[in-house]
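# predicted structure and sequence below. I'll ask about it afterward.
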Amino acid sequence: MKAFDKLPSKIEIFEVGVRDGLQNESRRVSLEDKIFLVQGLLSAGVKRLELGAFVRPDLVPQMADTELVYEAIHQSEIKMGRAKAFALVPNLKGLERAIDAGVTGIAVFTAATESFAKRNIGMSISESLAVFRDVVTEAKRKKLEVRGYVSTAFGCPFEGKVSPKKSLKVAEKLAELGIKEISIGDTIGVATPMGVLNVMVPMLKSIGSEVRLAGHFHDTRGTALANALAAMQIGVSIIDSSAGGLGGCPFAPGATGNLATEDLVYMLDGMGIKSGVSLEKLARTSLEFSKRIGRPITSRYLQAFRTAN
């Protein structure tokens with residue numbers, strides 16, 4: 001159909017469930033259960049995933065054992081070079097911890113709005129960019145991949161609707177630091193497909209030739225999958241997602257989970273678009289993980305899969 005003639009033939013899934021998916025859990029998730037999830041994701045064919053964050057444990061307690069997660073998976077697909085493990089780092093101290101743990105890539109995180117940046121990372125946007133300059137330089141010296149996040153690119157819990165120009169400006173600043181992959185986040189799940197075009201088309205025109213853009217959509221209002229499809233239609237070939245639809249943001253009141261990886265893979269499989277991820281293996285991993293943590297699943301596909309199995 002002509003409506004889908006510009007879709008990529010392959011989508012790279014960036015799995016954020018272990019970090020973004022778990023950082024807001026009210027109950028402690030054990031190291032054993034985290035390792036189970038990571039191993040299941042790798043077994044299902046996930047090639048790039050975020051395993052944690054080297055941040056202050058008093059601010060994000062669920063990430064306190066990130067070093068231990070990395071230590072446990074060193075003999076896995078990541079050790080053998082068949083998958084890449086990323087971690088969120090806020091500053092040089094976090095980067096040092098990440099390097100010691102053996103990460104293969106890092107991510108830095110800022111926002112399109114000043115209010116969210118200050119609530120989330122304790123810095124203004126300009127202050128965060130200044131910190132990231134040294135982080136990115138050192139990470140590249142260590143030959144690590146670097147990823148950048150622009151959160152609240154479509155809407156902010158404190159400032160409301162966000163102008164596409166504000167999001168574009170922050171993305172351009174990250175690109176100027178030498179970051180080659182930038183994830184554009186709908187942190188509170190307010191975007192619609194037209195909003196995705198309004199924000200991401202200017203970015204593709206401005207920095208798309210130098211930087212790969214990714215779509216990071218939360219499903220608070222049920223539009224995450226539609227937004228992913230809209231991004232794909234304009235040439236975005238990296239989509240962030242979370243196993244089972246886990247997620248939320250501790251600094252964004254009311255924000256619910258990420259786009260579920262299972263829902264994304266089901267759509268891709270049905271459209272003949274390759275992802276390299278086994279839907280059945282992924283679904284079984286997510287179902288077992290949800291039992292382990294006693295948390296209901298939000299993935300539509302998983303709900304159907306559980307009923308049928």
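Looks like it came in fine.
# for Leu225, list the residues it contacts.
217, 219, 259, 263-264, 267 (CB atoms under 8 Å, 6 or more residues apart in numbering). (Glycine included, C-beta is placed from N, CA and C.)
# of those, closest to Arg27?
Set against Arg27, the nearest of those by CB to CB is Asp219 (21.2 Å).
# tell me the spacing between the closest one and Ile99.
34 Å (CB to CB, to the nearest Å).
# could you check which of those two has the larger neighbour count?
The neighbour comparison of Asp219 against Ile99 (other CB atoms under 10 Å) goes to Asp219, with 26 against 17.
# wait, the more buried one touches Gly244, no?
No. The pair Asp219 / Gly244 is not scored as a contact, 11.6 Å apart, by CB atoms under 8 Å.
# need the overlap of contacts for those two.
Contacts common to Asp219 and Gly244, judged by CB under 8 Å, 6+ apart, are 260, 298.
# buried residues in the top helix by length along the chain?
Scanning the chain for the helix with the most residues, using DSSP state H, yields helix 125-141. For helix 125-141, burial by neighbour count (16 or more other CB atoms under 10 Å) applies to 125, 128-129, 131-132, 135-136, 139.
# turn these into TSV, including pLDDT.
Formatted as TSV, these follow (pLDDT from 0 to 100):
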residue	pLDDT
Ile125	98
Ser128	97
Leu129	98
Val131	97
Phe132	97
Val135	98
Val136	98
Ala139	98
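# where does the stretch 151-300 of the chain dip in pLDDT?
Where the stretch 151-300 of the chain drops to pLDDT under 70, the residues are 248-256.
# please enumerate the strands of it.
155-156, 160-161, 181-186, 212-217, 238-241 (DSSP state E, counting those that start in this stretch).
# buried stuff in stretch 212-231?
Here stretch 212-231 shows 212-220, 223-231 as buried, counting by 16+ other CB under 10 Å.
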